[in-house]
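Visitor: Provided below are the primary sequence and the corresponding predicted coordinates.
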Amino acid sequence: MRTVTALAEDVPLLDDLMPWSVAPLRLGREWVMAPDAASLKARWNTLVRSVGDERDALFRPTRARSQRSAVTQLPGRSAATGPFAKENGRCPEPVRVLHGAFDEQWLIADHRLIDVARPEVWRVLDERQLFVVEHGPRLAVSVLLPDGRSPGGRQGRPGRVRPLYRRPGGLEPNLAPGLTDLLGERYGHEVGAEELAAWAVAAAQPSPAGCAVPLTGDADVWASGVALGREMTRVMLRGARGGERPRMPGGRRPYVRAALPPRPDSIGYDPEDEALVIGGTGRVSPVPGEAWHFELSGVRVLEHWFEQRTAPAEPGTLEALRPASWPQEWTSELLELITVLALLAELEPRREALAEGPRIFADELRSAGILPPPRSLRRPASVLDHEEEGPGGQFALL
């Protein structure tokens, strides 16, 4: 019989089950991302209208990027590739991205402005892709491109980004070879990549070696875990891929009970009324305590989301260009985020049952030749089906 320590040490790691991962984006300058697209366009316009030392100071050059850097175009984007010092045109249309695990923001997808943009991930971004992102023991999923950053900053562990497919069009699952075949034989039915991803979302747990994904040997437990993971995924995708947007039952849906002030500077929680208190006078309720206390990397998600929109910016910087008053869109996003966190908190207790029954341990996967995965699968696949513009307009070879 295995000891508890042996059980913990022999649980398969997500890093082996989904071998290809990418480190978080490194922006280099925070002004290229914002909670609203209009601020990004205003920042761009301010920058390109400035000249000389002022323009360079606003740009915020780093070792990786300056206004004179030569870069390739981000796959799938249409931004120019010439030196930014010569740029005087319009801002590329900002794209929606996932900041951290739950904060949907906007990004200027111009490779000249981002220190490390991870173009290999942009290359496989399409309507079939699903990204799995590690945030400690919790996995987030997204159809938006994730930045992988931790709300805990440098103290929090940044999340590896794992595309479910290595090629566009939902081709070549990012899985250890033979894994789904072995699971299919054990459970008596075909196992697909998205089924495995759903199980991982539901079953993931921390281990000293990283994010672990226990695999059950019981077909019924597997079915329950996949169903739970799919429900968690549906909630986190917020209506993407034709799904329904997450909603609480009628009497439990959060509403604005007292209007938010134009420029709120604080957020708190009234447990007796189950209400968020915003800016002293604004109130949103009902907000379950589980949603308010929902943490990631030791940081309350709702507090962090609010701070991303209200924390003071240094005067004279591009980051200081932001909405003059609280936009209605942010209120709608806040209500949806409360719903997402409340629903995930409700689903959390169901994860415990997934530890019941027999297990498929890592040594069995090693004996079957599934682990360790080939080293080649830890690198991105070559994608040669379209051209990408390199510095100055020539095309890059991939």
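Guide: Noted; the coordinates are in hand.

Visitor: Tell me where the stretch 1-150 of the chain has strands.
Guide: 33-34, 95-99, 103-107, 131-135, 138-142, 145-146 (DSSP state E, counting those that start in this stretch).

Visitor: go on, the stretch 201-350 of the chain?
Guide: 205-207, 210-212, 215-216, 255-258, 267-270, 275-278, 282-285, 295-296, 299-300.

Visitor: which stretch among those strands comes nearest residue 357?
Guide: strand 215-216 (5.7 Å; Cβ to Cβ). All C-beta atoms are positioned from the backbone trio N, CA, C, and that covers glycine.

Visitor: what does that closest one rub up against?
Guide: Strand 215-216 is contacted by residues 12, 183, 199, 203, 222, 225, 354, 357-361 when judged by Cβ atoms under 8 Å, 6 or more residues apart in numbering.

Visitor: again, only this time at 6 Å
Guide: Strand 215-216 has contacts (Cβ atoms under 6 Å, 6 or more residues apart in numbering) with 222, 357, 360.

Visitor: before we move on, what about stretch 25-37?
Guide: Contact with stretch 25-37 is made by 40, 43, 60, 62, 64-65, 94, 105-108, 113-116, 118, 147, 309, 318-319, as judged by Cβ under 6 Å, 6+ apart.

Visitor: hmm, 8 Å instead?
Guide: 40, 43, 59-60, 62, 64-65, 93-94, 97, 99, 103, 105-108, 110, 113-118, 147-149, 308-309, 317-319, 321-323, 327, 329-330.

Visitor: By pLDDT, give me the weakest of the contacts of strand 215-216.
Guide: In terms of pLDDT, the least confident member of the contacts of strand 215-216 is residue 357, at 93.

Visitor: excluding its backbone neighbours, what's nearest that one?
Guide: The spatially closest residue to residue 357, leaving aside those adjacent along the chain, is residue 218, at 3.8 Å (Cβ to Cβ, 6 or more residues apart in numbering).

Visitor: and the one you found, what pLDDT?
Guide: Reported pLDDT for residue 218: 97.

Visitor: What is the neighbour count of residue 315?
Guide: Number of residues near residue 315 (other Cβ atoms under 10 Å) recorded here: 7.

Visitor: Likewise for residue 120?
Guide: So residue 120, with other Cβ under 10 Å, has 17 neighbours.

Visitor: Check the gap between it and residue 381 for me.
Guide: 9 Å (Cβ to Cβ, to the nearest Å).

Visitor: same deal with residue 13?
Guide: As for residue 13, its distance to residue 381 is 21 Å (criterion: Cβ to Cβ).

Visitor: neighbour count winner among those two?
Guide: Just comparing residue 13 and residue 381: by other Cβ under 10 Å the higher neighbour count belongs to residue 381, 20 against 15.

Visitor: Might one say that the more buried one is in contact with residue 166?
Guide: Yes - assessed by Cβ atoms under 8 Å, residue 381 is found in contact with residue 166 at 4.4 Å.

Visitor: list residues touching both of the two?
Guide: By Cβ under 8 Å, 6+ apart, the residues touching both residue 381 and residue 166 are residue 172.

Visitor: From the chain's centroid, how far away is stretch 25-43?
Guide: What separates the centre of stretch 25-43 from the centre of its chain is 17 Å, taken as Cα atoms, centre = their mean, to the nearest Å.

Visitor: Mind jotting down where the helices sit in this protein?
Guide: Using DSSP state H, the helices assigned to the chain run over residues 4-9, 14-17, 37-49, 52-59, 119-122, 179-187, 193-203, 219-237, 289-292, 301-310, 328-347, 362-367.

Visitor: ok, what's across the strand from residue 105?
Guide: residue 97 (DSSP bridges).

Visitor: any idea how this structure splits into domains?
Guide: Taking automatic domain parsing as the domain assignment, the ranges for the chain are 7-246+352-396, 250-345.

Visitor: mean pLDDT lowest for which of the ones you listed?
Guide: domain 7-246+352-396 (a mean of 92).

Visitor: Can you say which of the strands of the stretch 201-350 of the chain is nearest to residue 376?
Guide: Here strand 210-212 is closest among those (Cβ to Cβ), at 20.8 Å.

Visitor: who's in contact with that closest one?
Guide: 8, 11-15, 134, 136-137, 139, 204-206.

Visitor: What of stretch 264-278?
Guide: 257, 260-261, 279-280, 282-289, 292, 302-303, 306, 310, 326, 338.

Visitor: How about stretch 91-100?
Guide: With contacts defined as Cβ under 8 Å, 6+ apart, stretch 91-100 is touched by 33, 37, 40-41, 44-45, 77-79, 104-110, 131, 133, 135, 140, 142, 144-147, 149-151, 296, 304, 308.

Visitor: Please report the distance of the nearest residue to residue 21 once chain neighbours are set aside from residue 22.
Guide: For residue 21, ignoring the flanking residues on the chain, the nearest one in space by Cβ to Cβ, 6+ apart is residue 160 at 4.0 Å. The gap separating residue 160 from residue 22 is 7 Å, by Cβ to Cβ.
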